[in-house]
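Trainee: Build the 3D model from these lines:
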Amino acid sequence: MIYETLLADDFQRLHPKLQERYRLPLQEPFYAEGTMHVIRSGPSILRPMYGLFTKNRFLFPEDGEMIPFTIANTCHMNNENEAEVYWERTFFFPNAVRKFNATMTVDLDRQIVKDYLGDPALFYSDLKFDVTKDRFLMIRSEQQRIVVGQKELPLPKKLMGRVVVTEGYDDALDVYTIHVSIFNDFIGRMMMYAGQFTPCAP
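Mentor: Sure thing, here's the model as predicted:
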């Protein structure tokens with residue numbers, strides 16, 4: 001719902017399966033399961049901090065290959081009477097189950113998606129949505145803030161994680177594809193995962 005509104009005419013340029021995926025009418029959840037071919041966490045110096053982040057269902061310290069995962073998206077009206085999409089991603093590592101959750105609303109004046117990362121939220125990011133020539137969805141981060149209670153503090157540029165997400169559809173395999181990269185110019189890779197998934201019943 002919010003993504004179709006934001007992209008407007010460009011929404012029709014998305015692959016038809018991505019249109020199905022991102023239409024998300026109110027109270028009609030999208031569920032899927034699949035495999036992350038690769039998951040890479042951040043450098044070892046960040047692993048203790050990532051361990052703490054797991055309590056907020058945010059970043060996590062594990063790496064892995066061929067990791068089963070599920071995704072659930074639900075659109076509902078929030079307390080401000082805005083359409084809001086809740087994202088719940090669950091990764092089933094051999095020795096741990098990790099979640100990476102987010103809540104998104106749209107700002108049509110600024111033409112961005114407002115993304116609160118974690119549950120409860122720890123970070124905020126402006127997201128720009130675009131449609132590629134291959135009819136895939138590309139998402140890039142812009143301004144970011146750290147969330148401390150009811151306050152949101154701007155992150156210095158050198159501490160920001162540049163997020164790039166590409167979601168597509170493989171017609172030959174009949175699966176959705178996903179590639180996520182979070183990169184910091186000073187630290188390097190903060191998180192990366194890539195895989196595929198198919199819709200399923202909840």
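Trainee: all contacts plus neighbour counts: C-alpha atoms, from now on.
Mentor: Noted.
Trainee: immediately after the longest strand seen in the chain, which helix or strand?
Mentor: Determined from DSSP state E, the single longest strand within the chain is strand 64-77. The C-terminal neighbour of strand 64-77 among helices and strands, as given by DSSP states H and E, is strand 83-93.
Trainee: In the sheet, which strands lie alongside whichever helix or strand comes after that next one, parallel or antiparallel?
Mentor: Once strand 83-93 ends, the next helix or strand along the chain (criterion: DSSP H and E) is strand 96-107. Strand 96-107 pairs in its sheet with strand 83-93 (antiparallel), strand 112-118 (antiparallel), by DSSP bridges.
Trainee: among the ones you listed, which is the most enclosed?
Mentor: Greatest average neighbour count among those goes to strand 112-118 (a mean of 22), per mean count of other C-alpha atoms under 10 Å.
Trainee: what's next to it, contact-wise?
Mentor: The contact list for strand 112-118 (C-alpha atoms under 8 Å, 6 or more residues apart in numbering) reads 6, 56-58, 100-107, 122-129.
Trainee: State the distance from the residue of the chain positioned farthest from its centre to residue 19.
Mentor: When distances are taken from the C-alpha mean of the chain, residue 172 lies farthest, 24.7 Å away, according to C-alpha atoms, centre = their mean. Noted for residue 172: a distance of 18 Å to residue 19, by C-alpha to C-alpha, to the nearest Å.
Trainee: before we move on, what about residue 115?
Mentor: 20 Å.
Trainee: mind putting the strands paired with strand 96-107 in CSV, distance to residue 27 and mean pLDDT included?
Mentor: CSV is the format used below for these (distance: least, C-alpha to C-alpha, whole Å; pLDDT from 0 to 100):
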stretch, distance to residue 27, mean pLDDT
strand 83-93, 10, 97
strand 112-118, 19, 97
